[in-house]
Each structure stands twice: as structure tokens, then as C-alpha cells.
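Enquirer: Sequence and computational prediction follow.
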Number of protein chains: 2
Amino acid sequence: MAAARTRRSQRRTEALSRERIVEAAVELLDATGEGGLTFRALTERLATGPGAIYWHVANKGELLDAATDAVVAAAVTVGPAGSAGSPQQGMRAVALGLYEAIDDHPWLATRLAVQLARSPWGPVAPRIFEGIGRQIRALGVPESHWFTATSVLMHYVLGAAGQNAANAASARALAPGVDRAEFLGTVSAAWERLDPDDYPFTRAVADQAREHDDLEEFLAGIDLVLAGITALHLPGTTGPATTQTAAPPGRIRD
Amino acid sequence: MAAARTRRSQRRTEALSRERIVEAAVELLDATGEGGLTFRALTERLATGPGAIYWHVANKGELLDAATDAVVAAAVTVGPAGSAGSPQQGMRAVALGLYEAIDDHPWLATRLAVQLARSPWGPVAPRIFEGIGRQIRALGVPESHWFTATSVLMHYVLGAAGQNAANAASARALAPGVDRAEFLGTVSAAWERLDPDDYPFTRAVADQAREHDDLEEFLAGIDLVLAGITALHLPGTTGPATTQTAAPPGRIRD
DNA sequence: ACCTGAACACCGTTCAAGT
DNA sequence: ACCTGAACACCGTTCAAGT
């Protein structure tokens, strides 16, 4: 309704709104990183004064939260419970969605960490938790393990995706045309220069770090966690020798 | 040598040094959080001017990095390769060391995320990687899996420990005397108020979230990952049905 | 109801000057 | 070599004033 008149106002002014502000914030974060999001830059981009922004948004923290939530929401499409394909494929789809979102918006990794660490009950945590948890449920994991399994996967996915984005950003920063492999070689070389007495393991692993493909590594980690879930909840298997699964761990602090 | 004269200078002035500055920064972070660490507060605490601090430290980022590294170094004592006890106990000891460090210094969770996302080749990442990796090696994991297994555990441990610290901090902030269980009840209640159509899984899990013991949950997650490692590398087991472990995953983006 | 923009308090950092 | 402290540029936020 009233669609005829909308055309003219689009060009210059287009009336400020919370959505437009958040949209501009995301663009600014993508272009200049978290340090580049200032009210000065934002007012310039939106052609207004700071007061106008504060009318729609309480403060900078809320703006960052809204930008984070908007990007995450777009990345993990909650959708109807039953998508096509196997649960494993569903899990990969959700994980890759987050992986690519963080790859496209490198500031997201840090912001997610900050936000999950500040208010786990905000809108972002449930979004990610739900997206991963549904796949866990579809895998046939018993309900008693749902929380643990989903938590492990969530933390791994976010951490590893953030690490990947960091590698990508560092490679870009080192020199415009630097190859990703070349950059990983630099890191690997740095690790090989560590003290042999203090860092024997890290040095030994430096080679693998050089050659690995990030996406493949990411998926291998997910497979590892899924294997653990299966091993723990399938009564048929001999039960892993490494760990007493059912017995309560008990406190072993000092 | 020259031990006799050291007494007098300790009280008031005690000569500024990088170590003293980092020490004061950690104290300030512990007392007031990341927002409380300012050069103003720091100069007051150290009874100097900002110029004196800048003589020992390049900028605030370097100071935060140094504070983070100091706390992590104290938490994961690298020590001689072979400690007492089983590899599983060793793994728990390392994980609990980080868990407690983040619990004692809540700002550490966010700062580790920032720092690992910015410079994975800095001193902090190898410290944590080495501490966890040695236990992986001691568990008999084949070398080809070292990198994946250590990465998964590192991301999980840091993420889950940060989450725990966040819960603790939020419980404290909600009201001085609020019980941890009471706070988790609040979060659980918030999750149960989510839209049933969009968040069926999260709502179903809200109960578990209310009742769980954080430390127990943390250790259960580690057991899960260890079970996955065992399942993947032990040729004896029937191989988990959920995932094709050996076959290269291949790109499945869209 | 929504926006303007000058003003304020505070921050990280610099630097000429001291010892 | 090490420290002082005034000064600078920039930041998030406020608020009286407009429409």
C-alpha cells in the first residue's frame, strides 16, 4: 500500500532508522575493522549528527551487539527443523555458515567472544546454539548429552573459524599480494624457532601447520567431535579406554 | 650479592620497570575489568606520569598483551615433559589450570580471543598449544592427528572456560549475594521464554542448563573430545558410523 | 516524534624539558 | 638512561534547541 510515493525519498535522506544505522555499522566494520567504527564516521556516512543516532540506539555497545546479531542471524538460517540431507551434512552446513560469516566479517570473531562472555542470554547465543543443537538432535544423540555435545561443537566452531579469519587477515596485512600458504609458512617458521626445550610439541607440529588446508582442518575437527559423540552414546562400542564416561568426574582441583 | 641495601628503596619509589607496570596492569584489570585499565589510573597507582610508562611499554595494546601473557604463563606451567599421573590426569590438570586462570581473571577470556585472533604467532598461542599438545602426545595419538586434536581441545577449553567466567561474573553483577544456581535459573527461564517454533532445541535443553555444574560440564566436554580422538585413531574400533574419517572431506560449499 | 550540532568529560599518546 | 607533566587529537555521549 502507498507504494507509489516511496521512490523519491530514497535518494538523499531516506529517513534514519535503526535498521539503516545497523546496516551502515556493518559496512563500516567490514571496511575498516572494529577500530574504524566511530560515531564520527557513522554520522558522516549517514549524513546526520550524533544525536540522531542516539535517538535510535542507546549507545555504541548496543550498536555493536545489533550488528553482530544481524550478521549471525543471516548466517545461521534457522529455518524449518527438517532440511534436506543427512544430519552430518546439516551439521557441516551450519558450521560452514558460521565459518564463512566470520571469514567475510573478521570483526565477528572477536565480537562474538566478547558478547558470549558478557551476556550468554542475549539473542546471539541461542541462535548459534539452536542451529548446532538441531543437528545434534538429528544425529540421534540421547537427550542427556545434548548440552555437552552442543557446547563442545559451538566453542570449537567459533574458535576455529576465528582462527581461520585471523590467518586470512594476517596474510592480507603482511603484504597485499601474499599467498595464504606463504603466510602459514611464516608462522610455521616462527614456531620452529621456539626453544626446543620448552616447546618440543609445538615445533614438531609446525610442519603440519604449514601444509594444512584451513577448511579441511576445520571439517576434520568437526568429524573428531562427532566421533566422540558417537563413541560416548553408542552402547555397542567397547567404550573408549581413555576415559571413564559415566562415572561422575568429581573435583580434582589440587 | 648486595642484598643489604635493597630494603629501603622498596617502599615508595622502587624504580619503575616493565615488570612492575605489567603487574600493576594485571591488578587493575582484576579489580576493575578491561574498561578500568587506563593510563590515568595506571599513573596514579604507580605514582608517575604517562611518559614514564611509555618509556617501558610501546602502547596500550602491548601492555594488554604482556598482561595476558604473564597470567597465561603462570597458569600453564610448561615444566619438564613428564609429570606424574596418567595422560588423562595431565590433560585435566592443564585444562583446569586455564579454567581457573580465566575464572580468577575474567578479562582474560576476551583478551585471549582478541589476541589469538590478531597474532597467532605471538607468545601466548604456543604456550597454550604446547601445554595441551603434550598431553595429546602422551595419550598415544598418532602424529598425523596431533594438530587437529590439539586445536579442537584448545578452542573448546578456552571457549568453555570463558563461558563459565561469564556466568560467574553475571551472577555477581546481578546482585552481590546472588547464588550461582539462582542466576542459571534466570538464564534458563529466559531461554524457556524463546519462541517455541524458532527455538525448540534450546528450550528443550534449558532444563539441563539450569541444573548443571559448570566444572563437571567442562570436564565432560573434555572427555567427549578425548573419546573422539580415541575412536578416530584406534584401528580396533568399528569406526564411528556417523562420519567418513579417512576419506578427504572435499569442498562442499554450496 | 525525530533531528541538529556545539559542548563536555575522558581517553591514548606525544614531546620538550628536566635529572 | 630514565622520568615529568602539560598539551594534543580523538573519542563516546549529552542536551538545549529546533522542526
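Expert: On my side now, so go ahead.
Enquirer: Enumerate the residues of chain A near DNA strand C.
Expert: A:15-16, A:47-52, A:54-56 (Cβ under 7 Å from any atom of the strand). Glycine gets a C-beta too; all of them are placed from N, C-alpha and C.
Enquirer: Are any of those buried, and if so which?
Expert: Buried members of the residues of chain A next to DNA strand C, counted by 16 or more other Cβ atoms under 10 Å in any protein chain shown: A:16, A:56.
Enquirer: For whichever residue of chain A sits closest to DNA strand C, give me its contacts.
Expert: Closest to DNA strand C within chain A is residue A:51: 2.0 Å, counting by Cβ to the nearest atom of the strand. Applying Cβ atoms under 8 Å, 6 or more residues apart in numbering or on different chains to residue A:51 gives no contacts.
Enquirer: right, and the helix or strand after the helix or strand harbouring it?
Expert: Residue A:51 belongs to helix A:50-56 when assigned by DSSP states H and E. Using DSSP H and E, the helix or strand that follows helix A:50-56 in sequence is helix A:60-75.
Enquirer: would you put the C-alpha positions of that following helix in PDB?
Expert: Once non-C-alpha atoms are left out, helix A:60-75 reads as follows in PDB (Å, rounded to 0.1, in the frame of the first residue of the first chain):
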ATOM      1  CA  LYS A  60      27.900   2.100  21.000                       C
ATOM      2  CA  GLY A  61      27.700  -1.300  22.800                       C
ATOM      3  CA  GLU A  62      24.200  -1.800  21.700                       C
ATOM      4  CA  LEU A  63      25.000  -0.900  18.200                       C
ATOM      5  CA  LEU A  64      27.900  -3.500  18.100                       C
ATOM      6  CA  ASP A  65      25.600  -6.100  19.600                       C
ATOM      7  CA  ALA A  66      22.900  -5.300  17.000                       C
ATOM      8  CA  ALA A  67      25.400  -5.500  14.100                       C
ATOM      9  CA  THR A  68      26.700  -8.900  15.400                       C
ATOM     10  CA  ASP A  69      23.200 -10.200  15.800                       C
ATOM     11  CA  ALA A  70      22.200  -9.100  12.300                       C
ATOM     12  CA  VAL A  71      25.200 -10.900  10.700                       C
ATOM     13  CA  VAL A  72      24.800 -14.100  12.700                       C
ATOM     14  CA  ALA A  73      21.100 -14.200  12.000                       C
ATOM     15  CA  ALA A  74      21.800 -14.000   8.300                       C
ATOM     16  CA  ALA A  75      24.500 -16.700   8.600                       C
END
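Enquirer: so does the helix or strand just after that helix get close to chain B?
Expert: Downstream of helix A:60-75, the next assigned helix or strand under DSSP H and E is helix A:87-104. Yes. On the criterion Cβ under 8 Å from any Cβ of the partner chain, helix A:87-104 is in touch with chain B at A:87-89, A:92, A:96, A:100.
Enquirer: Can you list the neighbours in contact with helix A:87-104?
Expert: A:30, A:71-72, A:74-77, A:83, A:85, A:108-109, A:112, A:128, A:131-132, A:134-136, A:138-140, A:153, A:157-158, A:160-162, A:164-165, A:168, A:215, A:218-219, A:222, A:226, B:242-243, B:252-253.
Enquirer: same deal with stretch A:60-78?
Expert: Outside stretch A:60-78, the residues within contact range by Cβ under 8 Å, 6+ apart are A:18, A:21-23, A:25-26, A:29, A:37, A:39, A:53, A:57, A:94, A:97-98, A:100-101, A:105, A:108, A:111-112, A:115, A:122-124, A:127-128, A:130-131, B:198-199.
Enquirer: Just the buried residues of those.
Expert: A:21-22, A:25-26, A:29, A:37, A:53, A:57, A:94, A:97-98, A:100-101, A:105, A:108, A:111-112, A:115, A:124, A:127-128, A:130-131, B:199.
Enquirer: give me the subset of those residues touching DNA strand D.
Expert: The subset of the buried ones among the contacts of stretch A:60-78 within reach of DNA strand D, by Cβ under 7 Å from any atom of the strand, is residue A:37.
Enquirer: next one: the helix holding residue A:51 to chain centre, how far?
Expert: With Cα atoms, centre = their mean, to the nearest Å as the basis, helix A:50-56 stands 29 Å off its chain's centre.
Enquirer: Now for chain A, the helix or strand with the poorest mean pLDDT.
Expert: Every helix and strand of chain A was ranked by mean pLDDT, DSSP states H and E. The lowest is helix A:180-192, at a mean of 82.
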